[in-house]
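> test case, fold it:
(4 chains)
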Number of protein chains: 4
Amino acid sequence: MVTRIGLVGLGKMGNNMRARIRAAGIEVVGYDPRPEVTDVASLAELVAALPDDGPRIVWVMVPAGDPTRSVVTELGGLLGEGDVVIEGGNSYYAEDQARAGELAEKGVGYLDVGVSGGVWGLENGYGLMVGGDRTYVEAAMPIFDALRPEGPREEGFVHAGEVGAGHFAKMVHNGIEYGLMQAYAEGYELLAAKSELVKDVHGTMKAWTRGTVVRSWLLDLFVKALEEDPQLAAIDDWVDDSGEGRWTVDEAIDNAVPLPVISAALFARFASRQEQSPALKAVAALRQQFGGHAVKAAGPASPGAGPLEPPA
Amino acid sequence: MVTRIGLVGLGKMGNNMRARIRAAGIEVVGYDPRPEVTDVASLAELVAALPDDGPRIVWVMVPAGDPTRSVVTELGGLLGEGDVVIEGGNSYYAEDQARAGELAEKGVGYLDVGVSGGVWGLENGYGLMVGGDRTYVEAAMPIFDALRPEGPREEGFVHAGEVGAGHFAKMVHNGIEYGLMQAYAEGYELLAAKSELVKDVHGTMKAWTRGTVVRSWLLDLFVKALEEDPQLAAIDDWVDDSGEGRWTVDEAIDNAVPLPVISAALFARFASRQEQSPALKAVAALRQQFGGHAVKAAGPASPGAGPLEPPA
Amino acid sequence: MVTRIGLVGLGKMGNNMRARIRAAGIEVVGYDPRPEVTDVASLAELVAALPDDGPRIVWVMVPAGDPTRSVVTELGGLLGEGDVVIEGGNSYYAEDQARAGELAEKGVGYLDVGVSGGVWGLENGYGLMVGGDRTYVEAAMPIFDALRPEGPREEGFVHAGEVGAGHFAKMVHNGIEYGLMQAYAEGYELLAAKSELVKDVHGTMKAWTRGTVVRSWLLDLFVKALEEDPQLAAIDDWVDDSGEGRWTVDEAIDNAVPLPVISAALFARFASRQEQSPALKAVAALRQQFGGHAVKAAGPASPGAGPLEPPA
Amino acid sequence: MVTRIGLVGLGKMGNNMRARIRAAGIEVVGYDPRPEVTDVASLAELVAALPDDGPRIVWVMVPAGDPTRSVVTELGGLLGEGDVVIEGGNSYYAEDQARAGELAEKGVGYLDVGVSGGVWGLENGYGLMVGGDRTYVEAAMPIFDALRPEGPREEGFVHAGEVGAGHFAKMVHNGIEYGLMQAYAEGYELLAAKSELVKDVHGTMKAWTRGTVVRSWLLDLFVKALEEDPQLAAIDDWVDDSGEGRWTVDEAIDNAVPLPVISAALFARFASRQEQSPALKAVAALRQQFGGHAVKAAGPASPGAGPLEPPA
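Sure, this is the predicted structure:
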């Protein structure tokens, strides 16, 4: 029975998860490089603080890539036969498979867990998608039960397959998320563009939150955002992307799966971060070449009025 | 106070709505051309059966276009000063404005109401988006309260603006719906394409229904569909579109609003209904022309293996 | 035999076309509201100046919409049985059908001609797509032969169908043009993004102008643009659209034809003209709501570095 | 001075290139595993047959991936200091960098050459994009001059950058090609869909081949295809993709470059090869769930007519 686990990474997500696990009666020893938040001074201390009457379990919740890699590798040197590392971050699924292979040489188990729920997970619980061996999944189940939402286990938890399946599922989840967000956003823009007819954009979207086909948690959040800032005046149109959207499209391409919506949502984010689009500069240049169409000079000026004639 | 209204159109939607209105204590006189379901034999009988101690209200719930047009026009001849026609179908918003103008000449009011909720509305209530004059909206409020979901009125009802605003809002709602559905569908396809890794596609999507960022009513329905038919084996990939998706894209073009996701979802439906894509036949023909690439002859044969060389 | 025609609209296109028609030995009486360029003071004078020993032919080359409509209507009042109006601008094809119907009541013929070639048409000739009755097409053939490029007639001219077919064909031509330009532009952007590897973007695209699969006149122009301004530094990414792109997508939607590439090219232009994208502001707002993700405040500031943790 | 070179791979492309190089007065020793076309029995024999009074040059023209890898590696063992391997196939540019690194250890040079022109290159010459060291490029220039089209060298040849730049440029070239083809194809489909108005689709596209903005070599080929089969009746809509389109999108994603048009063209090809689209089956299933919309059962049946009511 799990009574105490280790948790590496005490950022916004890790911190909330620690609180939720503790609330379920499991002790958590947390490690973070920031002295003001960590419980122990090193990963070695963290491992030493875990009970040895059963598998020691360490949940890793740090950024994907090098940070996760180095933490998992170091843990591999500290843990032993039957212990389990749970990668709860956003690793690429092939990375999971590589890490699991390394740990397996030492008899250390590895689970990859896709975690969804954002800052609301502390209160609502987190959706969990897990990859790895059944034995390890069962050993860690009390933690999963602590983190997942109330209700039937299968509505907030899945053992999706072997190592990698959890993060693959989370990757697809995030790809879908990109598409959903862009769909609402496009609809919002069209409503707002027609404000001479639709007088109450916020009210309209709020009226969608019950009963309609498009009701969802994202819609609830969007309505909340509009409540706080009805014109979104304080928010720039600059949108980051966190990697899973890119992987989703890459993976679709590898598998010859058409992904028009999710890719369009991803590209909209890329474009949002460009000061000037080289592609559209090119189109403007081309139009000027063949049609003598007015171009907007780089800078503040606008195209002037043209003579009486149709465009070329 | 509304005690009895007329309802034209007793199909799946109209029938359910009648039940829900009646359950709220308002009498409903229904008309439908099918003798086995109608309460009265004609629109004239329907109007005659309405109380005349206040505005007479007739809700129209028939297919958009000619059917709605002819019913509304006939009602205009039967109703009088202060009465109200409620167009609850899926009319194009400019049609509403035209119809409302005609009725206004006779002093008859007009409200356009976008209704969302599908076959589940009977039980859950319907999301309602209303356009028209405040006076008429207030007169009809008991009906709206009967139809909308339990809970705060503004979470399932909005008076979005003047005539047309209700159906414009519903149109955008449906455009968003196209994007949402396609996003889930693309994610599903990618999961299913990687079934050697993700062993449990249905379970994975079910695990998204609580706690995750992508949880929604559409996701619940999708999980239900997979429960009934895990491979969707009984379902063809032929997908209809009901008009609002097209209008949404048309409207976006009129307003120079970029709509990459919603348009992609619409085009995917168009493509789903083609036996053969003329465009892709053209691409195949072009590749054959410049590269001597193998084409698949129209018919059952497959392209054969090529010689040892790179493609052109 | 055509010896003298009228030409309304002496902008960049009209002026060049007049020169080319004259060079072929046909006299042209030009009318333009600008006194400094016009040959006659009014449409009435223009019509009066045409020979009456055969059908009088007036070519209209003014902006689509109201300007074209009013010129054609006025000409309808001045011309008579057997005369011909040629609409060489960019009218919507249904407009052509309406105008042709009006003129037909007076026995005046109508041809719609899609004209492609831009400012280069003076030298290279113009590609012509014609809609209307064969009789009128034959009457106007000397003008078409004067305007079209050297070479076989059918490589620069088509009688595509009845009234409207010429502008429908031109509309589709322009829709294709949008797609082609965006395709080159995207490729250019990707090359430029990889400038640490591809040292010579201009040289690379220039090397595509002979022998390759992607060679085209648009590519030649693009190489010319890069020759004049290798970084396109003087050109803003603001790109107008002239109507035909929008009509093409509208028309595709009416006919349930999937148009993913042409619509994407159109939407990229819309987006290029937005100071801020309301949709992407919405996506940024949503991400902030669920993940506490950094947003860029509207204004100059950038998101700061986050703590050690994976994104939600 | 180059007097004789080796050429590995005598498929359609290799064979044509051999003919063109020979026509320029350079001897070619060809190797191919197929005994009926090869000049020598092995790569060793091929290398032995090359002059040793200067750098020995071997052009490799075999499929990308394992075949190219194994040929280049074997050549690395047969060639020596100052010799040059030219990879003229469609290798991924990072593969080139890896191969070049291996050969460099033995003093053997490596050039990667993107070759465009298809089966028409024999007659028209090939567009060439080259990556690698200047010294090797200069040594191989007589071959490049033999293969490239007549005219100024820089219009059919570029030394684009170091190793990898040639194939990166070719990759982007092919990505553009996908976009161009799909743009023409979409326009064709729309014309064909409106055949009650545009009576002569083939004639319309033929009329675009001179003077218009959309004229190109691909358009010429498309017109030729329509000449041979006006309805494209003999051609299935199944379209392969050869790898570069996928790499182009992958590369764009790595560089955060929005690629809406090229990706849409790629996805259209993926979709063309699906018997049934799992995503669209999913959308159909969803519509059935919420609206009781008719679905088409997998198999021959069509949806029946619905009752008098609007869709949900």
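
> got the residues of chain A near chain D?
Neighbours of chain D within chain A, by Cβ under 8 Å from any Cβ of the partner chain: A:213, A:241, A:246, A:249-250, A:253-254, A:256-260, A:263-264, A:266-268, A:270-271, A:273-274, A:277, A:279, A:290, A:312. The way it works is simple: take the backbone N, C-alpha and C, and place the C-beta from them, glycine included.

> could you redo the last one with a cut-off of 7 Å?
A:213, A:246, A:249-250, A:253, A:256-260, A:263-264, A:267, A:270-271, A:290 (Cβ under 7 Å from any Cβ of the partner chain).

> closest to residue D:153 out of those?
Residue D:153 has its nearest neighbour among the residues of chain A next to chain D in residue A:290, at 26.3 Å by Cβ to Cβ.

> so how far is residue C:20 from the closest one?
The gap separating residue A:290 from residue C:20 is 17 Å, by Cβ to Cβ, to the nearest Å.

> of the two, who's got more company?
Remark: of residue A:290 and residue C:20, residue A:290 carries more neighbours, 25 against 22, as counted by other Cβ atoms under 10 Å in any protein chain shown.

> before we move on, the earlier item: restricted to helices, list the residues of chain A next to chain D.
Among those, the members falling in helices (DSSP state H) are A:246, A:249, A:250, A:253, A:260, A:263, A:264, A:267, A:270, A:271, A:290.

> and stretch A:71-90, how far from the chain's centre?
22 Å (Cα atoms, centre = their mean, to the nearest Å).

> right, I mislabeled it, should have said stretch A:249-264
The answer for stretch A:249-264 is 18 Å, by Cα atoms, centre = their mean.

> give me the contact list for that stretch.
A:175, A:178-179, A:182, A:248, A:266, B:179, B:182-183, B:186, B:189-190, B:193-194, B:260-261, B:264-265, B:268, C:260, D:246, D:249-250, D:253, D:260, D:263-264, D:267, D:270-271 (Cβ atoms under 7 Å, 6 or more residues apart in numbering or on different chains).

> and what of stretch A:105-112?
Counting by Cβ under 7 Å, 6+ apart, A:76, A:79-87, A:91, A:96, A:99-100, A:103, A:130-133, A:136-137, A:140, A:163-164, A:166-167 sit against stretch A:105-112.

> which pair of the ones in helices among the residues of chain A next to chain D spans the longest distance?
Farthest pair in these, by Cβ to Cβ: A:250 and A:290, 35.9 Å.

> write a PyMOL command that selects only the buried members of the contacts of stretch A:105-112.
The PyMOL selection below is limited to those of the contacts of stretch A:105-112 classed as buried (16 or more other Cβ atoms under 10 Å in any protein chain shown):
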select buried, chain A and resi 76+79+83+84+85+86+87+91+96+99+100+103+130+131+132+133+136+137+140+163+164+166+167
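
> quick one: which of the contacts of stretch A:105-112 sit in strands?
A:84, A:85, A:86, A:87, A:130, A:131 (DSSP state E).

> before we move on, what SS does the spatially most central residue of chain A have?
The residue lying closest to the centre of chain A (Cα atoms, centre = their mean) is residue A:174, at 5.6 Å. Three-state assignment for residue A:174 (DSSP: H, G, I helix; E, B strand; the rest coil): helix.

> check contacts around it.
Per Cβ under 7 Å, 6+ apart, neighbours of residue A:174: A:244, A:245, A:248.

> what of residue A:94?
Applying Cβ under 7 Å, 6+ apart, the residues contacting residue A:94 are residue A:164.

> please apply the same query to residue A:84.
A:55, A:57, A:109, A:111, A:136, A:139, A:140.

> and if you look at residue A:228?
Residue A:228 touches nothing, counting by Cβ under 7 Å, 6+ apart.

> do you know how far it is from residue C:285?
Distance of residue A:228 to residue C:285, computed by Cβ to Cβ: 9 Å.

> ditto for residue A:209
Distance from residue A:209 to residue C:285, by Cβ to Cβ: 16 Å.

> and if you look at residue A:136?
For residue A:136, the distance to residue C:285 - Cβ to Cβ - is 39 Å.
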